[in-house]
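Visitor: the sequence and its predicted three-dimensional model are supplied below.
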Amino acid sequence: MKIPVRNRGGVTILQPTGKITIGIGDVALRDAVDDALAAGSTSILVDFQRASKMDSSGMAELVAAFKKVKESGGEIKLLHLPSNIRDVLTITQISRVFEIFDDEDEAVASFN
Amino acid sequence: MAEQVLQIKVAISSRFENIDLVDAVMEAAMRHFGFDEETVERLGLAIREAVANGVRHGNRQEPTKKVELTCDLKQDVMALRITDEGSGFDVDAIPDPLAADNLFNPSGRGILLMRAFMDEVAFDFDNNGGTQVTLKKSLPSPPSDAGSEEDES
């Protein structure tokens, strides 16, 4: 599974689809972030609009991504979290780490 | 509902892709039991975490080893047992994923989610190998028809 990527105003937007769970979705997220960093992107926005579910493996990749991007001098932020994913990110307190947006324009502008 | 009314058993070989099968079976079952969609989502994730732990940490993805799930409905409670063939682990040694120093740790959140969403979570370890995770959740109350009875009186 490869995560669709687009660019807007210098921000790399990753749009995972379906389950971000153990074995497939979590690996796809890791690969997409690694590819974005390798391509020189330092502003990464993960758009969850088409994501349906995230388990602890997906969350582990999300916090690993935050760490990697930060160490590269960049920022990674979250957009359009469905209520179920927002729920588990709140319970695990991962939501405290990330800036979270509901509006793409606002999210993209926040990197500047 | 004092007596057991239903039992579901699912066994999978230890491959990540098989976890989705357990997920699909249990989500359909829990809708049938009357849980609302939000609760099905939450309980499904807790069950997924227990099964995934068995596949990854217990059986170390050895396809010849099985993770088995048994779901019993008894006394208005959904009780699940998830077993693997691994060597067990020390539950108390798992770092608290909510501690500030552990926020970036890769592990520990699965058990946190099980405890957040289920009424009871227990871990038992067989001397001959294998971990058994027990998850319990009270069934939702059936819709009350008391109102219609009052209307008739």
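Guide: Thanks, I have the structure now.
Visitor: chain B: helices as residue ranges?
Guide: B:16-33, B:37-53, B:109-117, B:146-152 (DSSP state H).
Visitor: worst mean pLDDT among those?
Guide: When the helices of chain B are compared on average pLDDT, helix B:146-152 comes out lowest at a mean of 47.
Visitor: chain A against chain B: which residues are in contact?
Guide: A:19, A:21-24, A:53, A:55-57, A:59-60, A:63-64, A:66-67, A:83-84, A:87-88, A:91-94, A:96-97 (C-beta under 8 Å from any C-beta of the partner chain). Where you see a C-beta, it was placed from the backbone N, CA and C, and this is true even at glycine.
Visitor: which members of those residues occur in helices, if any?
Guide: Short answer: the residues of chain A next to chain B in helices (DSSP H) are A:56-57, A:59-60, A:63-64, A:66-67, A:83-84, A:87-88, A:91.
Visitor: biggest separation within those, which pair?
Guide: For these, the farthest-apart pair by C-beta to C-beta is A:K67 and A:S83; their separation is 26.1 Å.
Visitor: neighbour-wise, which of the two wins?
Guide: Comparing A:K67 with A:S83 by other C-beta atoms under 10 Å in any protein chain shown, the one with more neighbours is A:K67, at 14 against 8.
Visitor: number of nearby residues for the closest residue to that one other than its chain neighbours?
Guide: Residue nearest to A:K67 in three dimensions, not counting chain neighbours: B:F104, with 5.5 Å by C-beta to C-beta, 6 or more residues apart in numbering or on different chains. As a burial measure, B:F104 scores 15 neighbours (other C-beta under 10 Å).
Visitor: isn't B:F104 up against A:K68?
Guide: No - contact criterion C-beta atoms under 8 Å: B:F104 and A:K68 do not qualify, at 10.5 Å.
Visitor: out of the helices of chain B, nearest to chain A?
Guide: helix B:16-33 (2.8 Å; C-beta to the nearest C-beta).
Visitor: and the closest one, what does it pack against?
Guide: Using 3 or more C-beta pairs under 8 Å, 6 or more residues apart in numbering or on different chains; DSSP states H and E, the elements in contact with helix B:16-33 are strand B:6-13, helix B:37-53, strand B:66-74.
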